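Enquirer: sequence first, then the predicted structure:
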Amino acid sequence: MALLSKRKNKKYNYQPRYYQGEGNPFEIKPKFDEFRVTVGSDNGLKNKFIKAVNDFKTNQNQEANKRVLLIVVILLLLFLFIIDFDLSIFRMK
C-alpha cells in the first residue's frame, strides 16, 4: 500500500487499426482555431481586445462585420431602454 505516494496511471501505446491519417486521432482540436488570430494564451484584457479588433479589421467577410455591428447597436439601445436612459441629451436644440 502506498500511503504517501499517489498511484501512477498506466500508459498504453495503442495504435488504431484502421486509422490512416496524420497526427493523433484522439487529439481534440476546435474546428476553426487555425483561422483565428485571437486564440492563444494572452495575458491581459488589453492584448485580447487589440487582437480582437485586428481580427475584426482583417476579416474578409465584410457582411458579417456589418451584421455584428448591427447586433451590438440593437443590444446597446435595448440596454439603454431597459435602464431608462434619457436619449434626449443627444438632440440639438
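Expert: Okay, I see it.

Enquirer: for the chain, give me the ranges with low pLDDT.
Expert: Segments of the chain classed as low confidence (criterion: pLDDT under 70) are 1-2, 15, 25, 36-42.

Enquirer: how about the helices in it?
Expert: Secondary structure of the chain by DSSP state H: the helices cover 45-58, 62-82.

Enquirer: with mean neighbour count and distance to E22 as new columns, can the ones you listed be given to me in TSV?
Expert: Every C-beta, even on glycine, is put in place using the N, C-alpha and C of the backbone. Shown next, in TSV, are the helices of the chain (neighbours: other C-beta atoms under 10 Å; distance: least, C-beta to C-beta, whole Å):
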stretch	mean neighbour count	distance to E22
helix 45-58	12	28
helix 62-82	10	31
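
Enquirer: so can I have CSV of those showing distance to R7?
Expert: Listed next are the helices of the chain as CSV, based on distance: least, C-beta to C-beta, whole Å:
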stretch, distance to R7
helix 45-58, 39
helix 62-82, 50
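
Enquirer: K10 is nearest to which of the ones you listed?
Expert: Closest approach to K10 among the helices of the chain (C-beta to C-beta): helix 45-58, 39.3 Å.

Enquirer: quick one, the closest one and helix 62-82 angle?
Expert: In terms of direction (axes from the mean of the first three to the mean of the last three C-alpha atoms, to 10 degrees), helix 45-58 departs from helix 62-82 by 130 degrees.

Enquirer: return the distance of helix 45-58 from the chain's centre.
Expert: 12 Å (C-alpha atoms, centre = their mean, to the nearest Å).
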